[in-house]
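Asker: only geometry, no sequence info:
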Ligand code: ADP
Ligand code: MG
């Protein structure tokens, strides 16, 4: 089955690889509505590493879910690599996400039946890019996150921190144009946290990735080019 090419509008998005404009997200039902995001504007250029901090419940995970096309905003537009995700049908959005976005979930979200290495290879396979170079890159990334020795273990035989590191390597395997990272160091010790954030920064530079990392770990903010704060869904 072939799908029509998504509509692109480079004039509207400028140089940003990721651009959120007037994004508001209401969650919940009619009885109890939460404004998770409130009129958020954010543009991230290729090669730029943006950190977003803020207290628990301030909308950090919601921001990434909307930026990654996992959640449609109530209002506003979300441009990723020139295409407004909010205009796409579900299957087009999924295809666009696989092509352009690397996503690190707060809780790694690994497949229970696959080994650490297979998690990375599956991502490449689904994108039609499982070649020798990608396999080499997958092994290099497992090494970089300190998971080479455990590459053939499944998630139930890995610690929380190890699963988190596999999730990070998986998001990087296709060198995406946009990288969205949710609390990458929450299960890691200090030394490991530093290594991971340095890796994210290095990948951002090398591949000209537009990276957004949300975190409440203030010790890693120095790796970012820009630090923004979310408070009650408002970004400043
Ligand atoms: P953070 O990641 O900063 O902790 P979230 O983006 O997860 O914040 O949540 C933002 C707000 O939206 C919180 O008040 C949270 O309780 C609320 N929220 C998150 N998911 C839902 C949902 N599915 N239904 C209703 N409210 C939600
Ligand atoms: Mg969160």
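Answerer: Looks like it came in fine. Predicted model, so just to flag it, every value in this text is computed and none were measured. Ligands and ions are numbered 1, 2, ... in the order given.
Asker: where's the residue of the chain positioned farthest from its centre, which helix or strand?
Answerer: Distance from the C-alpha centroid of the chain, by CA atoms, centre = their mean, peaks at residue 31 (31.6 Å). Element membership for residue 31, per DSSP states H and E: none, as it lies in no helix or strand.
Asker: that one and residue 233, how far apart?
Answerer: 19 Å (CB to CB, to the nearest Å). Every C-beta, even on glycine, is put in place using the N, C-alpha and C of the backbone.
Asker: could you do residue 217 as well?
Answerer: For residue 217, the distance to residue 233 - CB to CB - is 21 Å.
Asker: now do residue 114
Answerer: On the measure of CB to CB, residue 114 and residue 233 end up 35 Å apart.
Asker: those two: which is more packed in?
Answerer: residue 233 (24 against 15; other CB atoms under 10 Å).
Asker: for residue 100, what are its contacts?
Answerer: For residue 100, the contact set (CB atoms under 8 Å, 6 or more residues apart in numbering) comprises 80, 81, 176, 177, 178.
Asker: burial measure for the fourth one, as a count.
Answerer: Using other CB under 10 Å, the number of residues around residue 177 comes to 19.
Asker: pLDDT value on it, please?
Answerer: With respect to pLDDT, residue 177 has a value of 97.
Asker: show the backbone phi and psi for it.
Answerer: phi -70, psi -30 (degrees, to the nearest 10).
Asker: could you look up the SS state of residue 181?
Answerer: Under DSSP: H, G, I helix; E, B strand; the rest coil, the three-state class of residue 181 is strand.
Asker: from ligand 1, how far out is it?
Answerer: Using CB to the nearest ligand atom, to the nearest Å, we find residue 181 at a distance of 12 Å from ligand 1.
Asker: you'd agree that residue is up against residue 213?
Answerer: Yes: if you go by CB atoms under 8 Å, residue 181 and residue 213 touch, sitting 4.2 Å apart.
Asker: overlap of the contact sets of those two?
Answerer: In contact with both residue 181 and residue 213: residue 200, using CB under 8 Å, 6+ apart.
Asker: kindly report the residues of the protein close to ligand 2.
Answerer: Residues of the chain found near ligand 2 (CB under 5 Å from the ion) are 60, 61.
Asker: what about the helix ranked longest in the chain, average pLDDT?
Answerer: Taking DSSP state H as the criterion, the chain has its longest helix at helix 190-206. For helix 190-206, mean pLDDT is 94.
Asker: swap in stretch 129-138?
Answerer: 96.
Asker: give the buried residues for that stretch.
Answerer: Within stretch 129-138, the residues scored as buried using 16 or more other CB atoms under 10 Å are 130, 134, 137, 138.
Asker: before we move on, what about stretch 75-86?
Answerer: Using 16+ other CB under 10 Å as the test for burial, stretch 75-86 gives 76, 77, 78, 79, 80, 81, 82, 83, 84, 85, 86.
Asker: and the residues you listed as TSV, adding pLDDT and secondary structure?
Answerer: Shown next, in TSV, are the buried residues of stretch 75-86 (pLDDT from 0 to 100; DSSP: H, G, I helix; E, B strand; the rest coil):
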residue	pLDDT	secondary structure
76	98	strand
77	98	strand
78	98	strand
79	98	strand
80	97	strand
81	93	coil
82	92	coil
83	95	strand
84	97	strand
85	97	helix
86	96	helix
